[in-house]
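**Q** I would like to see how this sequence folds:
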Amino acid sequence: VSELEVVLRHLPGNGDALWLLGGLLPVLPERVAKTLQSHREAASRHVNDAGLQEMLGELLAAVEPSAALVAFNQALTLYRQQQQAAMERIADKQRRRQHVAPDTPGYDDLMQDIGDDEDVPAVPAKLLNNTAVLKYRAGDVSEAAALMDEATRVMMADPGIHPMQKVTMGYNMARLREATGELTAAREAYNELLQQFPGYIDCSLRLSAMAKAAGDIEEARQWASKATEQAGGHVDAQAMLACLHVERKDLAAARECVNAVGAEGRHDPYMLLTHANVILAAIPTEKIGKPEVQRSRREFITRALKMYQEVLKSQPDNIYAVNGLGICLAELGHMSAAKQAFDEVVRATSKTKGFVKLPETYVNLGNIWLARQQYNDALKMYEHASKLYNHKNAQILLYIARAQHDAGDQLAAKRYLLKALHIAPGDIFLRFNLGFVLQELAMKTFKRKYGPADVNKITDYEVADAALVEAAKIFKHLLTLGKQRTRLDTKKLQLHADYCQKQLPAAAAQYQAALEESKLHEQQARVTQMQLAAADAERKALAKQKAIAQEAGAARKKLEAARVLEESRAKVEQLRQQRAMAAMADNPEDGKGGNKKKRKKGD
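**A** All right, here's what the predicted structure looks like:
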């Protein structure tokens, strides 16, 4: 590698040197940075060189996965273009052959000119595998699975592929099945690989992680223990086992795992992070108001802080160490500084374009908002963290339930705890918290003031009574399991169980009294309704009588008006006749008497 670096210093962009160096650098990742720019420039000059693009992707995969994926996609596109071009040439040759008859003069020469069919080049299985891995890390699981299927087909058709490549692709396919929810198939694949290669500790660690996600901490511990028995992954396996012991609240066993790796292993960054996490988990939580307890807490936090700082000295960009640093600052009360650390982690993860996800940072930001009693902001952070786990992480659902409980919404807290238990049915702490929330929900409901006509009272009391009964069952069951299995404070558990048992008769009596009150209210409501109905009927009857009387009066008025009109007409007719008779008396007809004198003009 050193000699090739010298060549590139004197002959920048030398193709042979770049090719040779590109094949060696994946084994020495710490040397990649020295010549990475030369590989970038070569790839930019030869954008149609699929092999060069693939090599650039391999060099970038560990340091810039998003850029590596771009290079791999470019290589895939070029290989598929080569496949398409080869298929078109084959199709063209077949068409030309069909148009040449065997009796055509010079038939053999024509066939020789057309040539034989060429082989369609396959996309390298290694490229398909590497692209699938990065797409999986970027969250594109369906596309990653399709690429892995294609890689498997290519691998099966290639007799010259190395057996260990088959093992690697088998492991990657199992990881994809695990990511898509095919847990049974993934578990079978891991076990099959372990049967062939018992020392393949990655499979043991994945089986441990799957068991942990399902809430079976004991099975997870067993798989991690098997991994520690194998050579080659001692530090990683011990770190995983230590994390599982922390989950089980067995801090002594966690410390044993840290000590088991020896002085050299304890300086491994992953183990340092694990050791710091173990120390944080061991911080005293009882009687924190006492000065000696506060001093002890500060000592624990300071030790963890120094370990995170040690990791950052060797790996300044280690966001997990920055996240731990923020936790320590928050525990020491430096909330603003802690928030700055968490915000820095969020910015760093966003730059990776989805390749690095650290949901714990959003959880920690949520914890800061929760400490400030800003519940809506806390819930936003927790929901974002849950989204990164596809809402299938029981621990984060527990954080959401805690925020809902602190905000006073016990019903919402209950719903999230039930979702968490659906994911991890064997989680003891989830069950205890469910019992606690149910207890709080019941007592809060029974203490609530209801109006005399509140229709929700019976329904709420019914839910509260059932919640208290369920809480009593949960605490009783946890007591039955014993402290060794639950790792819960027996006295505290007994207090909760006794309290619920003591409140059950009073709750039942209060519920029964509410039922009686509801029945009485219903009877009173029915009587009132009947009275209102009778009054309404009486009002309607009076209105009807009034309407009839009004109609009769109107009819009488109409008849009287007709009578008066008729009399008026008769009087008018009589008056007319009288006037006519008077006129006749003043002007007798001619021809009667004959001796009537003519009137003088002017009479």
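**Q** switch to C-alpha atoms for all contacts and neighbour counts from now on
**A** Fine.
**Q** So in the protein, which helix runs the longest?
**A** Secondary structure of the chain per DSSP state H: the longest helix is helix 490-586.
**Q** which secondary structure elements does that one contact?
**A** helix 428-447, helix 457-481 (3 or more C-alpha pairs under 8 Å, 6 or more residues apart in numbering; DSSP states H and E).
**Q** ok now it, how far from the chain's centre?
**A** Relative to its parent chain, helix 490-586 has a centroid offset of 58 Å by C-alpha atoms, centre = their mean, to the nearest Å.
**Q** Arg255: how many residues sit nearby?
**A** Neighbour count of Arg255, defined by other C-alpha atoms under 10 Å: 18.
**Q** related to what we said a few turns ago, would you list the helices and strands packed on helix 490-586 in TSV and tack on mean neighbour count, mean pLDDT and distance to Glu219?
**A** Putting those into TSV (neighbours: other C-alpha atoms under 10 Å; pLDDT from 0 to 100; distance: least, C-alpha to C-alpha, whole Å) gives the following:
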stretch	mean neighbour count	mean pLDDT	distance to Glu219
helix 428-447	21	93	15
helix 457-481	19	91	18
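**Q** can you list those in a markdown table and add distance to Arg526?
**A** Below are the helices and strands packed on helix 490-586 laid out as a markdown table (distance: least, C-alpha to C-alpha, whole Å):
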| stretch | distance to Arg526 |
| --- | --- |
| helix 428-447 | 27 |
| helix 457-481 | 18 |
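**Q** nearest to Ala321, of the ones you listed?
**A** Across these, Ala321 has its closest neighbour in helix 428-447 (27.1 Å, C-alpha to C-alpha).
**Q** C-alpha coordinates for that closest one, PDB please?
**A** Extracted in PDB, the C-alpha atoms of helix 428-447 (Å, rounded to 0.1, in the frame of the first residue of the first chain):
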ATOM      1  CA  ILE A 428     -41.900  -7.400  34.000                       C
ATOM      2  CA  PHE A 429     -41.400  -3.700  34.300                       C
ATOM      3  CA  LEU A 430     -44.000  -3.000  31.700                       C
ATOM      4  CA  ARG A 431     -46.500  -5.100  33.700                       C
ATOM      5  CA  PHE A 432     -45.600  -3.200  36.900                       C
ATOM      6  CA  ASN A 433     -46.100   0.100  35.200                       C
ATOM      7  CA  LEU A 434     -49.400  -1.000  33.700                       C
ATOM      8  CA  GLY A 435     -50.600  -2.000  37.200                       C
ATOM      9  CA  PHE A 436     -49.500   1.400  38.600                       C
ATOM     10  CA  VAL A 437     -51.200   3.300  35.800                       C
ATOM     11  CA  LEU A 438     -54.400   1.300  36.300                       C
ATOM     12  CA  GLN A 439     -54.300   2.000  40.000                       C
ATOM     13  CA  GLU A 440     -53.800   5.800  39.400                       C
ATOM     14  CA  LEU A 441     -56.600   5.800  36.700                       C
ATOM     15  CA  ALA A 442     -59.000   4.100  39.100                       C
ATOM     16  CA  MET A 443     -58.300   6.400  42.100                       C
ATOM     17  CA  LYS A 444     -58.300   9.500  40.000                       C
ATOM     18  CA  THR A 445     -61.700   8.600  38.500                       C
ATOM     19  CA  PHE A 446     -63.300   7.800  41.900                       C
ATOM     20  CA  LYS A 447     -62.000  11.100  43.300                       C
END
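**Q** Just give me the residue right at the centre of this structure.
**A** In the chain, the C-alpha closest to the average C-alpha coordinate belongs to Lys387, at a distance of 3.1 Å (C-alpha atoms, centre = their mean).
**Q** and the gap between it and Asn393?
**A** Separation of Lys387 from Asn393 (C-alpha to C-alpha, to the nearest Å): 9 Å.
**Q** Quick one: residues contacting the closest residue to Gln510 other than its chain neighbours.
**A** In space, and not counting its chain neighbours, Gln510 is closest to Phe446: 7.7 Å by C-alpha to C-alpha, 6 or more residues apart in numbering. Applying C-alpha atoms under 8 Å, 6 or more residues apart in numbering to Phe446 gives the contacts 461, 464, 507, 510.
**Q** hmm, back to that, what's the separation between the residue nearest to the centre of the chain and Gly57?
**A** Distance from Lys387 to Gly57, by C-alpha to C-alpha: 29 Å.
**Q** can you check Gln484 too?
**A** Plainly put, Gln484 is 51 Å away from Gly57 if you go by C-alpha to C-alpha.
**Q** same question, Arg485
**A** Arg485 sits at a distance of 49 Å from Gly57 (criterion: C-alpha to C-alpha).
**Q** neighbour-wise, which of those two wins?
**A** Gly57 (28 against 12).
**Q** Could I get the pLDDT score of that one?
**A** If you check Gly57, the pLDDT there is 85.
**Q** Quick check, it in contact with Ala71.
**A** Yes - with contact defined as C-alpha atoms under 8 Å, Gly57 and Ala71 form a contacting pair (5.0 Å).
**Q** Going along the chain, name the helices of the stretch 301-450 of the chain.
**A** All helices of the stretch 301-450 of the chain, identified by DSSP state H, counting those that start in this stretch, fall at 319-331, 335-351, 359-371, 375-388, 394-406, 410-423, 428-447.
**Q** let me fix that: the stretch 51-200 of the chain
**A** Counting by DSSP H, counting those that start in this stretch, the helices of the stretch 51-200 of the chain are 65-98, 107-114, 125-137, 141-157, 163-179, 183-196.
**Q** ok so, going back, may I ask which two of the contacts of Phe446 are separated the most?
**A** The farthest-apart pair in the contacts of Phe446, when distances are taken by C-alpha to C-alpha, is Ala464 and Gln510, at 10.7 Å.
**Q** Pull the contacting residues for the residue nearest to Glu462 when sequence neighbours are not counted.
**A** Nearest non-adjacent residue to Glu462, counting by C-alpha to C-alpha, 6+ apart: Tyr511, 6.9 Å away. Contacts for Tyr511 (C-alpha under 8 Å, 6+ apart) come out as 458, 461-462, 465.
**Q** Can you give me the buried ones in stretch 214-230?
**A** 214-217, 219-228 (16 or more other C-alpha atoms under 10 Å).
**Q** Give me the contact list for it.
**A** Residues from elsewhere that reach stretch 214-230 (C-alpha under 8 Å, 6+ apart): 198-199, 201, 204-205, 207-212, 233-234, 237-238, 240-241, 244-245, 247-248, 423-427.
**Q** one more time with 6 Å, if that's ok
**A** 199, 201, 204-205, 208, 211-212, 234, 237-238, 241, 424, 426-427 (C-alpha atoms under 6 Å, 6 or more residues apart in numbering).
**Q** same check, this time on stretch 47-60
**A** 43, 68, 71-72, 75, 78.
**Q** Would you mind giving those as JSON lines with distance to Leu478 and neighbour count added?
**A** Converted to JSON lines, those look like this (distance: C-alpha to C-alpha, whole Å; neighbours: other C-alpha atoms under 10 Å):
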{"residue": "Ala43", "distance to Leu478": "63", "neighbour count": "21"}
{"residue": "Ala68", "distance to Leu478": "51", "neighbour count": "24"}
{"residue": "Ala71", "distance to Leu478": "55", "neighbour count": "26"}
{"residue": "Phe72", "distance to Leu478": "53", "neighbour count": "28"}
{"residue": "Ala75", "distance to Leu478": "58", "neighbour count": "27"}
{"residue": "Leu78", "distance to Leu478": "61", "neighbour count": "19"}
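**Q** Closest one of those to Leu176?
**A** Distance to Leu176, by C-alpha to C-alpha, is smallest for Phe72 among the contacts of stretch 47-60, at 18.8 Å.
**Q** could you list every residue that touches that closest one?
**A** By C-alpha under 6 Å, 6+ apart, the neighbours of Phe72 are 54, 57.
**Q** any idea how far it is from Gln53?
**A** Phe72 is 7 Å from Gln53, by C-alpha to C-alpha.
**Q** for Ala508, same thing?
**A** 73 Å.
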